[in-house]
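[1] Below is the sequence, then the predicted model.
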Amino acid sequence: MGIIKVKPNTAARREFAFDDFADITGKAKVKSLLLPKKSTGGRNFQGKITTRHKGGGVKRAIRIVDFLRNKYDVPAAVAAIEYDPGRGARIALLFYADGEKRYIIAPVGLKVGDKILSSRKEIEIKIGNALPLKFIPAGMAVSNVEMVPGQGGKIARGAGNSVSVMGVEGDFAQLRMPSSEIRLVNKECLCTIGQVSNPDHMNIIIGAAGRQRRLGIRPTVRGTAMNPNDHPHGGGEGKQPIGLKHPKTPWGKPALGVPTRKKKYSSSLIVHRRKKRIEK
């Protein structure tokens, strides 16, 4: 893909950066792989807003993406590289030899007509193929990595993302995450060879409020611009600092820099945290 810059005819268009969609090969419209997306407006079953800044947006459908890659040893041909409005990465439509069709997250370099395979056995190291981590050579970039065998890909699914396999020792493979964290993952977990497609997604600049609204994102107001009864940061004449020892949320809870990650069972599998410097 590429990024399109436009002429600065207005103040907003001076910053615009569009996706040129050059890597999109078409739209197959496989209705069996589509689901209707219901807009909640950020509200729960009681009608109360539980997620702020959501609402409106362009109507769209959910693409059913195969994160499991559990159709083993059945070759598939790439029929199309498509746009998915629900993610930054591209998706690839696969036609399997037995007639089944599925979407997968497309890696960089996957083209229409390519033949790919998913297997629990040792197969060719080729872009788009899926196989267990124990067969991946050190230094290889992989994506859509499982955290538990058979659970489906959880790691490195965003546009341009990938993790590096540092080696396999015992029952675990060492993965270097995009954050520089090093984590142990069961060597039987499946992964897809290659970096996730559309790495230029990070260079898109929204540039205008209207584009945000079409994405379903409503306006955000700074706490310092509110009144004291609306936010802990509110009040004062003119521009004021927050006036508190620590920044707070609208409900008075600590924000900005406060750890939010609860202790999980997988914490013991982290070899190096991202904040620690890793000696090269």
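    Yep, that arrived.
[2] mind listing what the closest residue to N44 other than its chain neighbours touches?
    Once flanking residues are discounted, N44 sits nearest to T50: 4.8 Å by C-beta to C-beta, 6 or more residues apart in numbering. For the C-beta atoms, the positions are set from N, CA and C on the backbone; glycine is no exception. Each residue near T50 by C-beta atoms under 8 Å, 6 or more residues apart in numbering is listed here: 42-44.
[3] can you put those residues in a markdown table and add distance to S180, neighbour count and secondary structure?
    Converted to a markdown table, the contacts of T50 look like this (distance: C-beta to C-beta, whole Å; neighbours: other C-beta atoms under 10 Å; DSSP: H, G, I helix; E, B strand; the rest coil):
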| residue | distance to S180 | neighbour count | secondary structure |
| --- | --- | --- | --- |
| G42 | 33 | 15 | coil |
| R43 | 38 | 14 | strand |
| N44 | 37 | 10 | coil |
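[4] for these, which one is nearest F135?
    Lowest distance from F135 to the contacts of T50 (C-beta to C-beta) belongs to G42, with 43.3 Å.
[5] can you tell me how far the closest one sits from T224?
    Using C-beta to C-beta, to the nearest Å, one obtains 23 Å as the distance from G42 to T224.
[6] try A12
    Distance of A12 to T224, computed by C-beta to C-beta: 24 Å.
[7] Where do the helices of the stretch 51-200 of the chain begin and end?
    Per DSSP state H, counting those that start in this stretch, the stretch 51-200 of the chain carries no helices over any range.
[8] Just want the phi and psi numbers for the residue nearest the centre of the chain.
    Closest residue to the average C-alpha location of the chain: G158 at 2.7 Å, with C-alpha atoms, centre = their mean. Phi and psi for G158, reported as degrees, to the nearest 10, are phi -80, psi 160.
[9] List the contacts of it.
    The contact partners of G158, by C-beta under 8 Å, 6+ apart, come to 87-89, 196.
[10] If we only consider those residues, which is nearest to Y265?
    V196 (26.3 Å).
[11] In contact with the closest one, which residues?
    89, 105-108, 143-144, 156-162.
[12] and if we set it to 7 Å?
    89, 105, 107, 143, 156-162 (C-beta atoms under 7 Å, 6 or more residues apart in numbering).
[13] cool, and G252?
    P232.
[14] rerun at 10 Å
    The neighbours of G252, taking C-beta atoms under 10 Å, 6 or more residues apart in numbering as the test, are 231-232, 244.
[15] any idea how far it is from A138?
    Here G252 is placed at a distance of 49 Å from A138 (C-beta to C-beta).
[16] related to what we said a few turns ago, export the contacts of G158 to TSV and append columns for distance to I204.
    Below are those laid out as TSV (distance: C-beta to C-beta, whole Å):
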residue	distance to I204
R87	13
G88	9
A89	13
V196	15
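[17] Nearest to S119, out of those: which one, please.
    Nearest to S119 among these is V196, at 20.7 Å by C-beta to C-beta.
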